[in-house]
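A.B. asks: turn this into a model:
(2 chains)
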Amino acid sequence: MIQDVMAWVLLAAVAAYACAGGTDYGAGFWDLFAGGAERGKRPRWLIDHAMEPVWETNNVWLIFVLVIMWTGFPVLFQTIFTAMWLPLALAAVGLVLRGAGFALRKPMTRLARRRIYGAAFAVSSLLVPFFLGAVVGGLATGRVAPGTKASADAWANGTSVLAGLLTVAATAFLGAVFLTADARRFDAPDLVHYFRLRAWCSLGVIAVLAVVGLAVTHHDAHYVHEGLTSGIGLALVLVAAVSAVATAGLLYRTATGWARITAVGSVALVVVAWGLAQRPYLIPTSLTVDQAAGASTTLRWLLLVTAIAMVLVGPPLVLLYRLDTSGALQPLAENDLRRTAANRDPGTDR
Amino acid sequence: MAGAACLVTVECGWITTEVGRQPWIVYENMRVSEAVTDTRASSLWAMLGIVIVVYTLILGTFLAVLLKMRTRWRAADEQHAGADVAGTPEGDTPYGPRRTTAAAAPDHGTAHGDGGGQ
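C.D. replies: Here you go, the predicted model:
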């Protein structure tokens, strides 16, 4: 019972990371393909401004996913991290390079150095979601089972590569939708068109990959394929598809606020559909939720900690996103710093 | 000095804990030899190498950026040139004084210089 609740929490955390982290990686994706220094100047300016207040927050869900995995489902954690340590280690290195690249790009004054750090940020934004997606794909095929030794086959097969590409395309889609909204917020009509077009293109790529995926997973990941093409899994996938098409329509009418909601909805629904398609397995046909669960005392505490975390983290998160979308978060400029220093020095009223 | 000493202290405590627990990885529950995976040693060395290289590069850049910023802020303070910067937030660097304005600022200097009575 309690392990089922925790499995749902895990799935919800994965969905949240796919949406929040995905948007973030998507912004990096478009940074990578923005062209040369001159041509890509304006899109990169927007990406920088849009990401700056929220990029660290967007990645808290990854920590949450990992903690739930190793505390609540240690067997799952052990299995995944033993069999697929290489893509996960590469993803971890990518995460570090991505953060460092983004943070260190700004204080660089020379174009050549900016290029290096910008490239570290943008290339990692592409590789991290690919590797994470490939791991999920490897999981879905059932190539990994408790006791499986590390092998490239677990994450370098057709389904894995496809899942990786699909993840990258989904992040690009989310990123483009959110950047369209940000372009509107920053009053840049040219960038609204720029990113809207890219959102449509990535949606097209997702559609193509989804069709290819249907064929590839039919034999390779049969259990998940069945789950996604029948019953509740199919229903959720269809709602997600409708939601994605609605996003395209809303972007056409530049109703960017609603487009953000439908875009997030479509990605989250696909993740939930995948989770439901795997029921009752955490790793299809070798490890069920019950088998993978830790001791029930641990799970009870984990649930309590989750509830406390929700209470503590939830409201600030809502506040942050609201402040961000209302444009209240601007970086400190040189003038602000000077003014603070000037006010403090004479030791006046405050 | 204190900064370096606190880092050394933390590292020493860490090493004491880890070495003192041998041969257990979870005290009296699991030995290190039971916990180790069968990943080849060469892969582990390669991974450790990557981690060391990446973190050394990041630390190096970080220190270089900090030192450079310090130099620039000092130069700006000495000239009382903290003055005004064209308000666009997308100037060349968000944290330190702008290069171009540091040179071109003296005429605005008085407007802001009145507060900073160093």
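A.B. asks: low pLDDT regions in chain B?
C.D. replies: B:80-118 (pLDDT under 70).
A.B. asks: what ranges does the chain have for its strands?
C.D. replies: In the absence of a named chain, chain A is used. Here chain A has its strands, by DSSP state E, at A:281-283, A:287-288.
A.B. asks: I was thinking of chain B, sorry if that wasn't clear
C.D. replies: B:24-26, B:30-31.
A.B. asks: now these in a markdown table, with distance to chain A and mean neighbour count?
C.D. replies: The way it works is simple: take the backbone N, C-alpha and C, and place the C-beta from them, glycine included. Shown next, in a markdown table, are the strands of chain B (distance: least, C-beta to the nearest C-beta, whole Å; neighbours: other C-beta atoms under 10 Å in any protein chain shown):
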| stretch | distance to chain A | mean neighbour count |
| --- | --- | --- |
| strand B:24-26 | 12 | 13 |
| strand B:30-31 | 12 | 12 |
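A.B. asks: can you pull the residues of the stretch 101-250 of chain A lying near chain B?
C.D. replies: Neighbours of chain B within the stretch 101-250 of chain A, by C-beta under 8 Å from any C-beta of the partner chain: A:104, A:106-109, A:117, A:149-150.
A.B. asks: can you give me the helices in the stretch 251-350 of chain A?
C.D. replies: Here the stretch 251-350 of chain A has its helices, by DSSP state H, counting those that start in this stretch, at A:256-278, A:289-292, A:296-325, A:334-344.
A.B. asks: ok so, going back, looking at the strands of chain A, which is buried most?
C.D. replies: Ranked by mean neighbour count, the strands of chain A are led by strand A:281-283 with a mean of 24 (mean count of other C-beta atoms under 10 Å in any protein chain shown).
A.B. asks: avg pLDDT for that strand?
C.D. replies: For strand A:281-283, the mean per-residue pLDDT is 88.
A.B. asks: return the list of helices and strands in contact with it.
C.D. replies: helix A:74-83, strand A:287-288, helix A:289-292 (3 or more C-beta pairs under 8 Å, 6 or more residues apart in numbering or on different chains; DSSP states H and E).
A.B. asks: the second one: partners in the sheet, and parallel or antiparallel?
C.D. replies: Okay, so that is strand A:287-288. strand A:281-283 (antiparallel) (DSSP bridges).
A.B. asks: which outside residues touch the strand it pairs with?
C.D. replies: Strand A:281-283 has contacts (C-beta atoms under 8 Å, 6 or more residues apart in numbering or on different chains) with A:7, A:73, A:76, A:79-80, A:139, A:142, A:144-146, A:223, A:287-289, A:292.
A.B. asks: closest one of those residues to chain B?
C.D. replies: A:Thr79 (11.5 Å; C-beta to the nearest C-beta).
A.B. asks: in a markdown table, list the residues of the stretch 101-250 of chain A next to chain B along with pLDDT.
C.D. replies: As requested, those are exported to a markdown table (pLDDT from 0 to 100):
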| residue | pLDDT |
| --- | --- |
| A:Leu104 | 85 |
| A:Lys106 | 80 |
| A:Pro107 | 79 |
| A:Met108 | 78 |
| A:Thr109 | 73 |
| A:Tyr117 | 87 |
| A:Lys149 | 83 |
| A:Ala150 | 81 |
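A.B. asks: chain B: which of the helices of the stretch 251-350 of chain A is closest?
C.D. replies: The nearest among the helices of the stretch 251-350 of chain A, by C-beta to the nearest C-beta, is helix A:334-344 at 2.9 Å.
A.B. asks: before we move on, back to that, let's see if you can find the most crowded of the contacts of strand A:281-283.
C.D. replies: Within those, most neighbours by other C-beta atoms under 10 Å in any protein chain shown means A:Leu139, with 29 neighbours.
A.B. asks: that residue contacts A:Ile80, correct?
C.D. replies: Yes: between A:Leu139 and A:Ile80 there is a contact under C-beta atoms under 8 Å: 6.8 Å.
A.B. asks: buried residues in the longest helix seen in chain B?
C.D. replies: As assigned by DSSP state H, the longest helix anywhere in chain B is helix B:41-78. Residues of helix B:41-78 classed as buried by neighbour count (16 or more other C-beta atoms under 10 Å in any protein chain shown): B:47, B:58, B:61, B:65, B:72-73, B:76.
A.B. asks: if we can go back for a sec, between the residues of the stretch 101-250 of chain A next to chain B, which is nearest A:Ala183?
C.D. replies: The closest of those to A:Ala183 turns out to be A:Lys106 (C-beta to C-beta; 20.1 Å).
A.B. asks: test my guess that that closest one contacts A:Asp48.
C.D. replies: Yes: counting by C-beta under 8 Å, A:Lys106 does reach A:Asp48; the two are 7.4 Å apart.
A.B. asks: pretty sure A:Gly26 sits against A:Thr180.
C.D. replies: No: contact criterion C-beta under 8 Å: A:Gly26 and A:Thr180 do not qualify, at 11.3 Å.
A.B. asks: contact partners for A:Ser243?
C.D. replies: A:262-263, A:265-266, A:269.
A.B. asks: redo those residues as CSV? Include pLDDT.
C.D. replies: Output for the contacts of A:Ser243, formatted as CSV (pLDDT from 0 to 100):
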residue, pLDDT
A:Thr262, 93
A:Ala263, 93
A:Gly265, 94
A:Ser266, 94
A:Leu269, 95
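A.B. asks: which of those has the most neighbours?
C.D. replies: Ranking these using other C-beta under 10 Å puts A:Ala263 first, with 33 neighbours.
A.B. asks: which ones are touching that residue?
C.D. replies: A:Ala263 neighbours (C-beta under 8 Å, 6+ apart): A:173-174, A:177-178, A:199, A:243-244, A:247.
A.B. asks: could you find the closest non-adjacent residue to it?
C.D. replies: Residue nearest to A:Ala263 in three dimensions, not counting chain neighbours: A:Val177, with 4.2 Å by C-beta to C-beta, 6 or more residues apart in numbering or on different chains.
A.B. asks: run through the residues that contact the one you found.
C.D. replies: Per C-beta under 8 Å, 6+ apart, neighbours of A:Val177: A:195, A:199, A:247, A:251, A:256, A:259-260, A:263.
A.B. asks: how much space separates it from A:Gly257?
C.D. replies: Separation of A:Val177 from A:Gly257 (C-beta to C-beta, to the nearest Å) stands at 11 Å.
A.B. asks: again with A:Ala100
C.D. replies: 33 Å.
A.B. asks: ok, those two, which is more surrounded?
C.D. replies: Of the pair A:Ala100 and A:Gly257, A:Ala100 is the one with more neighbours under other C-beta under 10 Å, namely 21 against 12.
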